[in-house]
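J.: Sequence and predicted structure below; questions after.
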Amino acid sequence: MINGNHAFDSNTLLFTNETVSKTIGIAASNLAAKL
C-alpha cells in the first residue's frame, strides 16, 4: 500500500506541476499581451 500510495502521490504531484506550469504560462502570455 505504501509503495502504491507513493506512486500515486508522485503522479499527482507531476500532474499538478504540469497544470501549474501551464497556468503560469497562460498568465504570463496574457500579461505580456497587456503590456
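T.: Great, that's in hand.
J.: Where does pLDDT dip in this structure?
T.: Across the chain, the ranges flagged by pLDDT under 70 are 1-8.
J.: can you pull out the helices in it?
T.: Assigned helices in the chain, in chain order: 2-34 (criterion: DSSP state H).
J.: okay, which residue is most central for it?
T.: Geometric centre of the chain, nearest residue: Asn17, 2.5 Å, by C-alpha atoms, centre = their mean.
J.: how far away is it from Ser29?
T.: 19 Å (C-beta to C-beta, to the nearest Å). Any C-beta I mention is one placed from the backbone N, CA and C, and that applies to glycine too.
J.: One more: Thr16?
T.: 20 Å.
J.: number of nearby residues for Phe15?
T.: Using other C-beta atoms under 10 Å, Phe15 is surrounded by 10 other residues.
J.: Same question for Asp9.
T.: 10.
J.: Next, the contact list for the residue nearest to the centre of the chain, please.
T.: Listed by C-beta atoms under 8 Å, 6 or more residues apart in numbering, Asn17 has no contact partners.
J.: neighbours around Val20, how many?
T.: Per other C-beta under 10 Å, the neighbour tally for Val20 reads 10.
J.: so how far is Leu35 from it?
T.: 22 Å.
J.: now swap in Phe15 and tell me
T.: 31 Å.
J.: again with Thr12
T.: 35 Å.
J.: One more: Ser10?
T.: According to C-beta to C-beta, Ser10 and Leu35 sit 37 Å apart.
J.: Which of the two has more residues huddled nearby?
T.: Using other C-beta under 10 Å as the criterion, Ser10 and Leu35 rank with Ser10 on top: 10 against 4.
J.: if I pick the more buried one, what's in contact with it?
T.: Taking C-beta under 8 Å, 6+ apart, one finds nothing in contact with Ser10.
J.: burial of Glu18, as a residue count?
T.: Other residues near Glu18 number 10, with proximity taken as other C-beta under 10 Å.
J.: again, but for Gly25
T.: Gly25: 10 surrounding residues under other C-beta under 10 Å.
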